[in-house]
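>>> Need coordinates for the below:
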Amino acid sequence: MLPRLIRDLVYATTERGTLGLLIMPYGDDINIPGLDGRVRLSEEHSHIPRGESAWEISVGADCSKKAQDNYRKRTGRSNDVVPKHTTFVFVTPHVWREKDAWVERRKSEGHWLDVRVIDGITLSDWICGSPPVTARLFNDAAMSVDDIDDIDLCWKRGFGQAIHEFVSSSFLTDGRDEQCESLRKWLEVPRDDLTIVASSPLDVRLFVAAAIKQAREKPGENGFAQNVVFIRDRSARPRLQALHYPQIAMLSDPDLAADFQLPKLQCVHLIIPKISTSSAVRRTPTPRIGPVPGQIFLPPLRRGIVENELHRLRFKPEEASRIATDSQGNLESLLREIKNDF
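Numbers count the residues shown, from 1 in each chain. Okay, here's the model as predicted:
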């Protein structure tokens, strides 16, 4: 768990284009011989050394012994790094009160360009500076933060406990290729806020989550948009007021826009056109106009795409056709039907 946490923190708190290398195996890959991690960063950062760094990660309670053992093991060996040009970083989740003294002794030996320790206190500060990682940690622990979600929890809340694992991300992106590409480009360099025009806030949140999920499935893109957090209500504002690193907030309601004009925070805003209650015009299509800078117009879900997804979810053909027709491409209406029948 700790190597994945460090990997996610590196992705979530560095700007795209500044991270030249990140190798941080986790899960079944932690037994691969060699360093626990390697990072190459081209910017100044409060927790990650600029330039090349070699990382050793340990959960052992005896911090001094584990740090010294790892330091000796890596000093003098190639490990695919040149120590004189590389910073050695030791990570422990425990509070290590003697870390500064240990670091100074290792620096005085002159084997490495620099030596650093990230202990439990430093790690906690780093986590608090990344709301998306905070939300993921709570999600992994089967808990939730009252005011924010990560992508997986947004997906689970949107589709519901019963079906969220079975719905494909392509369901919300098929037929929306232009919108996906516009969102991806904005997420790479979010200089200004983005506005998405759609039939409902739920459609926007789940479309953004689906597009990011798909992007991360591509080779070399598993760190894509790790700095995105989904805001549920105004109570999240204090958590985001003093960010150290640029983050992206997906707002859940158009009325939240004024509350989250904050430093280092770019927002995805929503515009939900007013929909007539008349049954004859129950669905208001997204305006068919040319591209507008800073805006994405999200079209309704296509009937054929809805039917195909319902077939995949084991709905009978006649039931899938009825639900697709009745929902008229509106995601909230569709999900009401699915949750009733699933």
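>>> show me where the protein has strands.
19-23, 37-41, 51-57, 86-91, 114-118, 148-149, 194-197, 228-231, 247-251, 265-271, 295-297 (DSSP state E).
>>> Point out the one among these that comes closest to Ile212.
strand 228-231 (6.5 Å; C-beta to C-beta). For glycine as for every other residue, the C-beta is placed from the backbone atoms N, C-alpha and C.
>>> hmm, who's touching the closest one?
Contact with strand 228-231 is made by 131-132, 135, 147-151, 153-154, 187, 205, 208-209, 212, 240, 247-252, 256, 260, as judged by C-beta atoms under 8 Å, 6 or more residues apart in numbering.
>>> which intervals of the stretch 201-342 of the chain have sub-threshold pLDDT?
274-293, 341-342 (pLDDT under 70).
>>> Okay, helices next: where are they in it?
201-216, 237-240, 303-312, 317-327, 331-341 (DSSP state H, counting those that start in this stretch).
>>> Now distance to Leu41 too, for those helices, in TSV please.
As requested, the helices of the stretch 201-342 of the chain are exported to TSV (distance: least, C-beta to C-beta, whole Å):
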stretch	distance to Leu41
helix 201-216	21
helix 237-240	24
helix 303-312	41
helix 317-327	47
helix 331-341	39
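>>> Stretch 16-33: end-to-end distance?
Terminal residues of stretch 16-33 lie 29 Å apart, using C-alpha to C-alpha, to the nearest Å.
>>> no, scratch that, I was asking about stretch 240-251
End-to-end distance of stretch 240-251: 13 Å, with C-alpha to C-alpha as the criterion.
>>> Report the buried residues of that stretch.
240, 243, 245-251 (16 or more other C-beta atoms under 10 Å).
>>> need the contact list for Asp259.
234, 237.
>>> Tell me the spacing between it and Pro238.
11 Å (C-beta to C-beta, to the nearest Å).
>>> What of Arg136?
With C-beta to C-beta as the criterion, Arg136 and Pro238 are 20 Å apart.
>>> Turn the strands of the chain into JSON lines, columns for distance to Val306.
Output for these, formatted as JSON lines (distance: least, C-beta to C-beta, whole Å):
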{"stretch": "strand 19-23", "distance to Val306": "38"}
{"stretch": "strand 37-41", "distance to Val306": "43"}
{"stretch": "strand 51-57", "distance to Val306": "45"}
{"stretch": "strand 86-91", "distance to Val306": "46"}
{"stretch": "strand 114-118", "distance to Val306": "48"}
{"stretch": "strand 148-149", "distance to Val306": "25"}
{"stretch": "strand 194-197", "distance to Val306": "20"}
{"stretch": "strand 228-231", "distance to Val306": "24"}
{"stretch": "strand 247-251", "distance to Val306": "23"}
{"stretch": "strand 265-271", "distance to Val306": "22"}
{"stretch": "strand 295-297", "distance to Val306": "19"}
